[in-house]
Structure formats: C-alpha cells, structure tokens
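**Student:** Output the structure for:
(2 chains)
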Amino acid sequence: MNSHLNEDDLVLHYYGELDGNASARAQQHLGICADCRRSHTRLQRVMAAVDAMPDPVLPDGYERIVWARLRPDLSSPSGGWRAWLSFSPARLAWMAAILVLVSGAFFAGRMTKPQTAATQVVSSDQVREQVLLAALGEHLDRSQTMLIDLVTADGDGMVDVSTERDRATDLVAANRLYRQSAAASGEAGVTELLDQLEELLVELAASPDKLSSEEIDSVRKRIDSNGLLFKVRVLSSTVRERQKQQIRTRTGQSS
Amino acid sequence: MPQTDAAAVALARDGDSEAFHSLVERHSRAVYRLAYRMTGSPQDAEDVVQETFLRAYKQLGRFESRANFGTWLHRIAVNCSIDLIRSRPHREAALDLPDLEQFGATTERTDTSGATPERLMLSTEVQERIGTAMSGLSSMERAAFMLRHFEGHSIEEISQSLGLKTNATKHSIFRAVRKMRVALEPFVADA
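**Tutor:** Predicted structure coming up:
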C-alpha cells in the first residue's frame, strides 16, 4: 500500500479489523512512511491513555446495598400479587403508561370529570389503572408509616430499627420499579421523589438492627431537609383521590 | 461461606440465598464498573447491576459448572447494558466534534517533554479529559467503543449486538476515537 493511511484506516488497523491483505499492506506502509507512523504512534498513546481511565468510585458497603435491593426480587413468589412487580419490559411499559395518568393529574392538579351513566364503559385499561393505583397507594402509605416511625423514634443510646429495616427491605424493589416507570414516562417530579425515597430505603435496608441516637438524628435530618414525608403524603393523597374519583365515575356518582 | 464461585453456584441452585449473596458480594463491583463504562450513567449502571444479578439468578440452571462464573456474569452484564441502551430513544445530543475541537484548542498544551507516558496516563487532567470526551459520546458511540476497546468484540459482533449495520458500527467507533484524539492528543507527546 503506497497510499497513506487515513485516521479510520489506522483505527481499523489498531483493532486488527483489516483483512489479511489489507493488514499486511498497512503494516508495510507504516514501515516506510514516517508521517503515518507518527499518526499511528499518537493513536496508540491516546488509546493507552483511555486504557488508564479510572474506575468509578463506589462507597464502602456497596455490596450490601446491591444485596438489599436485590433480595426482595429473589424472594418474590413466582405467582400471586407480587408477580406482576417482577421486572418485565412489557409490564414496565404499561405501568409507565398508567403512571402517566396518575402523575399527569398530580402535576396539572386536575381530575377528569366523572362520566355520565350513559357513557360509562369500564375498559381493561381502567381496570389496570385501578389495580396500579391501589398498589401505588399502598406502597406510599407503607412508606409514610415507616418514615413517621423513624422521625418519631425515641431512645437514648442505641435505637432498635429492625422493624423499619425489614419494612424498607420490602419496599425497595417496588419503589425501584415505580421510579423506573416514572422516569420512562418523563415524570421528573415523581422520579425525583421516588429517587430520594429509594436512597433512604436502600440505606435502611442495609442497616444493622440498632442505630445510635446520632445516626437516627442524621436520618431524621435527611427526611426533614428533603421534605420527604410531606411529599410522600401529598402524592399518596393524590393517588387516593384519583382512586375515589374512579369509583365515582364507575358508579355514576357526581364528584 | 462457600470457598469458590462453583460451590456457591451449586448451593444457590438448591435455593441457598446466602450462597447467591456471596456471589453478589464478590462480583457486584466489577459488574458496576462494566455497566458504568457502557452506559455512562450511575443510575443506569445501578439498574444494569440489578438486572444482571436477577437474570443470573433465574438462569443459574443454565450455568455450566466448569465455566467461569465471573465471565458468564460479565456477558450477562454486557447484554443488559445493550438492552438498556437499545431501549433508549436515539435522540440524545452527543457533543459535536466542533465543540470538542474548540475545547481542545483553547487549552494550553501541557509541557510533556519530561513526562513519561505513565505519568501522563495518571495525571488528573488527562483523566478529566477522558471523562469529558466520554460524556461527549452518544450512547451508541459509547457502547460500540466500549465493546470494541474494552471488551474486544469484533465490529461484526458489535453490529449484531447493537442492531446496527456494519458501516454504522464502524462510524460510531471512528467518531468515538476521533473525539478521544481531539480531547487527548494535546497531552500526548510526539513520537
């Protein structure tokens, strides 16, 4: 090969992606052309620098956090009410679509007007929405109870948080799915809230049976500074209101 | 706690969750590193870690005990990362080369006459440059480049994995390398 090697040729040669003849010609050319040889050397140095890319820094106890997130999914029965929470692109897709309806009402502050008896049709989408609203409402209520117990935890010295830890472990997997659904549907506010909640749930799930009063104070401050309890309360209230409205719509009652 | 991965897998297959826990303890960091390199996002990397171990758990029955568990897990993690990347809409804005060229041109060239290649590689500024260059890649460019450069997959394999034509894969890799060169060549000593 007497013609010079362009940048793309050099990349293919570097990665051994040129076929036998082309590779031999490229190697031969590099032996006789100082300019191409310099370009090749610069490419090698750039790639060597990329090889030295630092690894991401992970916190101590990262493995515990991964296990805390994972364990509930591993212990879920194959059937029953928790089965539909298992990771499935199809399930996430319709959960994301349904969650848009919930969060749309949350952000717009609007609820759809009840339909008249003459126009009522209970579609399968509405049934799915009702199921999801019930599950999401329950999740938020349980999260709220856990947060309240943490905020009001009392004790000198070491405080037993094993009950809250077990609750947090149960809540982590479901929260993650709701967060992913909210993110997929572009609901930034709901995603952010569930993200904050998940951080707390994961840490709690990985905590020992007892925390010192300083550690409890630190958790309380985090809950307070994010306004987490208030936000969960508001979202829970919105979901419940949406459920009630659905029931009213179905039964033909006015709001 | 089981001594080896093979022993832990055998126990986990029989329903011993603590045995699987030991596998998670041993491999979660490596899976995260791979997932982060592929996706470029801590949040996405976390989701990939989760999905990787879930799939591994469900597929334990298919794992051949003579094989290396870490390698097997690694392949699952690559597939999970690719699935996540493919599920994204292809609208994200990658940094154009002119942006990166401007970034490269306005930075004074560091005097590298006395620096060994090893010192250059480790310098903080180089690492920041690499980070910036990586963040300027689209998710497809990043995935194609990571699979080629770090995972050693051929262009044909990458094309199949990412659902791209061969030329599109090549051009993704070419663009990624070009961006790396623009960002890093000012720091690379001439031969």
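**Student:** Count residues in the vicinity of the closest residue to chain B within the stretch 51-200 of chain A, would you?
**Tutor:** Proximity of the stretch 51-200 of chain A to chain B (CB to the nearest CB) peaks at residue A:52, 3.8 Å away. In this view, the C-beta of every residue, glycine as well, is placed from N, C-alpha and C. Neighbour count for residue A:52, taken as other CB atoms under 10 Å in any protein chain shown: 15.
**Student:** what's the answer for residue B:124, then?
**Tutor:** Each residue near residue B:124 was counted by other CB under 10 Å, and the total is 8.
**Student:** Check the one 4 residues further on too.
**Tutor:** By other CB under 10 Å, the residues close to residue B:128 number 11.
**Student:** quick one: pLDDT of the residue of the stretch 51-200 of chain A closest to chain B?
**Tutor:** Residue A:52 is assigned a predicted lDDT (pLDDT) of 79.
**Student:** now do residue A:40
**Tutor:** pLDDT, read off for residue A:40, is 94.
**Student:** backbone phi and psi for it, please?
**Tutor:** Main-chain torsions, residue A:40, degrees, to the nearest 10: phi -60, psi -40.
**Student:** give the contact list for it.
**Tutor:** By CB atoms under 8 Å, 6 or more residues apart in numbering or on different chains, the residues touching residue A:40 are A:5, A:10, A:13-14, A:30.
**Student:** which among these gets closest to residue B:32?
**Tutor:** residue A:14 (28.1 Å; CB to CB).
**Student:** Nearest residue to that closest one in space, ignoring adjacent ones along the chain?
**Tutor:** Nearest residue to residue A:14, sequence neighbours excluded (CB to CB, 6 or more residues apart in numbering or on different chains): residue A:43, at 5.9 Å.
**Student:** Is stretch B:140-154 in proximity to chain A?
**Tutor:** Yes: if you take CB under 8 Å from any CB of the partner chain as the test, stretch B:140-154 does meet chain A, through B:148-149, B:154.
**Student:** what does chain A have sitting close to chain B?
**Tutor:** So chain A meets chain B at A:7-8, A:11-12, A:15, A:17, A:37-38, A:41-43, A:45-56, A:58, A:62-63, A:66-67, A:69-71, A:73-75, A:87, A:89, A:176, A:180 (CB under 8 Å from any CB).
**Student:** From those, keep the buried residues only.
**Tutor:** A:11-12, A:15, A:17, A:42-43, A:45-47, A:49-50, A:53, A:58, A:62-63, A:66-67, A:69-71, A:73-74, A:87, A:176, A:180 (16 or more other CB atoms under 10 Å in any protein chain shown).
**Student:** Sitting in helices, which of those do you find?
**Tutor:** A:11-12, A:42-43, A:45-47, A:49-50, A:62-63, A:66-67, A:69-71, A:73-74, A:176, A:180 (DSSP state H).
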